[in-house]
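[1] give me coordinates for this.
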Amino acid sequence: MESQTVPLQIGTPRTSSAKTGDVHSDPEKVSPLASAPAITFPEGGLRGWLTVLGGALVLMCTFGNVQSFGVYQDYYTRVHLKNHPPSEISWIGSLQIFFLFFLGIPAGKLFDDGHFHLSLISGSIILSVSSFMLSLAKPFQYYQCFLAQGVGMGIGMGLMFLPAISVSSHYFRARRSLVMGLILAGASLSAVIHPILLNNIFKRKDGFAKGVRYASIMDLGFLVIANSIMRTRLPVRKNKMSPLRVVREVIMRDGPYLTHVAGTALIFWGLFVPFFYFQLFTALHGIPSGLVTYSISIMNVASIFGRTLPNLLSDRYGVFNVYIPFGLISALLVFALLGSSNVAGVVLFGIFYGSVYRYWASLISLHHRGEDLMSLSIRMRVGVTCTALAFTCLTGNPIAGALLSPPHYTWWRPLLFATIVLLSGVVLLAIARAGLSRRRGTQRV
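    Now for the predicted structure:
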C-alpha cells in the first residue's frame, strides 16, 4: 500500500477571517513551517514494520521500567531502603520520569538533525550501564540507587523515548494511530513482565542484585535488537523558522493549547501515584502475598486492552469529548481505592484503573490529532508539553509519599491529593476543549 501526501499546513483556517493573536487563522504566520516538497509514505514494508518493532522494544526498556517502579517502591520501603521514608524513595522513580520527558526537546533536536542512531545508541549504553550498576547497590545506601536508577537510567531513557516514537512517522501516515498503539503496547507488555520477574526473584537470597541483573540482561537484549533493526528514511528537513521563534510567535499565543498543557500537567501530577504506591498499599493492607506480587501486573495487563477503546471512540466522537470523561473516571477510581482493602477491591481497582489510565499517552498530543507530526510547529508543541509534564511528574509522587506520614500510613491524604489534581486537570481540559471548539466551529473536538 502506498500513498503520496503533502504535509498539512498547520492551522489552515476554515474561514477567511483572521483574529488577532490566533495564529491558526493566519496562514502567512505559519506557512514557513509547512512549506516542503511532497513526501511519500510507504505505509508498511519490511523496514517500516521492523522500525515499529524496534520502537516497541525501546519502550519496553524505558516506559515499561517506569510503569514497574511500584515494585521498587514497595521493596525499598519495606526492605532495601527501609531507613528512608516513602517520599524520599519515590524521588528515584520520579526522577526517571522527569528525565524521560525533560530530555524530549534535546533528543528531538538530535533526531531532527539526523542523529537518530547517536541518540539511540547513547541512551542504550547509559541505560544498560546504569542498570547493571543498580544491581551493585548495597542495602540502605540511598545515594547509590538514586544515582544509578534515578539519574543514570533516567537520562538513558530520555535520550531514547521520543526518537523511538517519532521515527515511525518516516514510514506511516494513514496508519499512524495503529502504529502508535503497537509501539505503546511494548511499554504495557514490559510492565507486565518486569514486575513478575522482579517480585519473584526479590524474595530469594541476594534477590535484589540477581533480579535487577536479570532484568538488565533482558533489556540489553531488547536494545541490541532495536538498534539493529530501526532505520530512518526521510532526509533532514531544513526549517525556515527557528524553534525558539516557533515557541515565541506561534505556541505562546495559542490560548487553548496552553490551557491544554496546564491541564495535562495537572493530570500527570497525580496519574502515577497508583503505579508507585499500589503494591505497597496492597502489602500493608494484608492482601495475600501471591496477589501482592501480581498487583502491578494486573494494572498493566488491563492497560494493554484498555488503550484501544479510547482511540476507537475518539475517532468517532472527537478526542477531547472522549478523554475528558476518561480523566474524570480516573480521578474517581483513585479516590475509590480507599475502599479497596480486600482481594476483590484490589483486583477490581487494578483492572479498571489500568483500563482507563492509558489515555495519558494521547493527552500529550491530542491537541494535534490528525495534523502533520513532521511539522516543526507540532513537534515543538509536543516538546513543550513534555517539558511541562517533566516537572509535575518529578514532584507528584514525592508529595504523595510525604502525605502518607509513615509509619502510620494515612492513605486518604495522598489519594485525595491525586484525586484533586486529576479533577483540576480535567476542568482545564474542558476549558481548552471549549476554546478549540469555537475555533474549529464544531463540537466534535
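[2] all helices of the stretch 301-445 of the chain, in order?
    For the stretch 301-445 of the chain, helices defined by DSSP state H, counting those that start in this stretch occupy the ranges 308-317, 319-336, 343-356, 360-363, 376-404, 412-440.
[3] quick one: which of those is nearest residue 106?
    Taking CB to CB as the criterion, residue 106 comes closest to helix 376-404 out of the helices of the stretch 301-445 of the chain, the separation being 9.2 Å. From N, CA and C alone the C-beta is placed, and that goes for glycine too.
[4] circling back to that earlier point, may I see the helices of the stretch 301-445 of the chain arranged in CSV, with mean pLDDT, mean neighbour count and distance to residue 296 as well?
    Below are the helices of the stretch 301-445 of the chain laid out as CSV (pLDDT from 0 to 100; neighbours: other CB atoms under 10 Å; distance: least, CB to CB, whole Å):
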stretch, mean pLDDT, mean neighbour count, distance to residue 296
helix 308-317, 72, 15, 21
helix 319-336, 89, 20, 16
helix 343-356, 91, 20, 8
helix 360-363, 62, 22, 16
helix 376-404, 87, 22, 14
helix 412-440, 94, 20, 17
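[5] of all those helices, which one is nearest residue 247?
    helix 376-404 (6.1 Å).
[6] which secondary structure elements does that closest one contact?
    Judged by 3 or more CB pairs under 8 Å, 6 or more residues apart in numbering; DSSP states H and E, helix 376-404 is in contact with helix 27-34, helix 86-102, helix 104-112, helix 153-166, helix 243-249, helix 255-271, helix 273-284, helix 412-440.
[7] got the angle between it and helix 104-112?
    Using axes from the mean of the first three to the mean of the last three CA atoms, to 10 degrees, the inter-axis angle of helix 376-404 relative to helix 104-112 is 150 degrees.
[8] to the chain's geometric centre, what's the distance from helix 376-404?
    10 Å (CA atoms, centre = their mean, to the nearest Å).
[9] circling back: out of the helices and strands packed on helix 376-404, which gets nearest to residue 338?
    Closest of those to residue 338 is helix 412-440, at 5.7 Å (criterion: CB to CB).
[10] show me what that closest one is packed up against.
    If contacts are counted by 3+ CB pairs under 8 Å, 6+ apart, helix 412-440 sits against helix 255-271, helix 273-284, helix 319-336, helix 376-404.
[11] and residue 149, how many neighbours?
    For residue 149, the tally of surrounding residues (other CB atoms under 10 Å) stands at 24.
[12] can you give the contact residues for stretch 128-142?
    Contacts of stretch 128-142 from elsewhere in the structure, counted by CB atoms under 8 Å, 6 or more residues apart in numbering, are 79-84, 88-89, 144-145, 148-149, 151-153, 155-156, 208-210, 212-213, 215-216, 219-220, 223.
[13] narrow those to those that are buried.
    Buried members of the contacts of stretch 128-142, scored by 16 or more other CB atoms under 10 Å, are 80-81, 84, 88-89, 144-145, 148-149, 151-153, 155-156, 208, 212-213, 215-216, 219-220, 223.
[14] thinking again about what came up before, out of the helices of the stretch 301-445 of the chain, nearest to residue 108?
    Taking CB to CB as the criterion, helix 376-404 is the member of the helices of the stretch 301-445 of the chain that comes nearest to residue 108, at 5.5 Å.
[15] okay, the angle between that closest one and helix 255-271?
    Taking the same axes, to 10 degrees, helix 376-404 and helix 255-271 form an angle of 30 degrees between their directions.
[16] check contacts around the residue lying closest to residue 405 once chain neighbours are set aside.
    In space, not counting the residues next to it along the chain, residue 405 is nearest to residue 413; the distance is 7.0 Å by CB to CB, 6 or more residues apart in numbering. For residue 413, the set of contacting residues under the criterion of CB under 8 Å, 6+ apart consists of 403, 404, 405.
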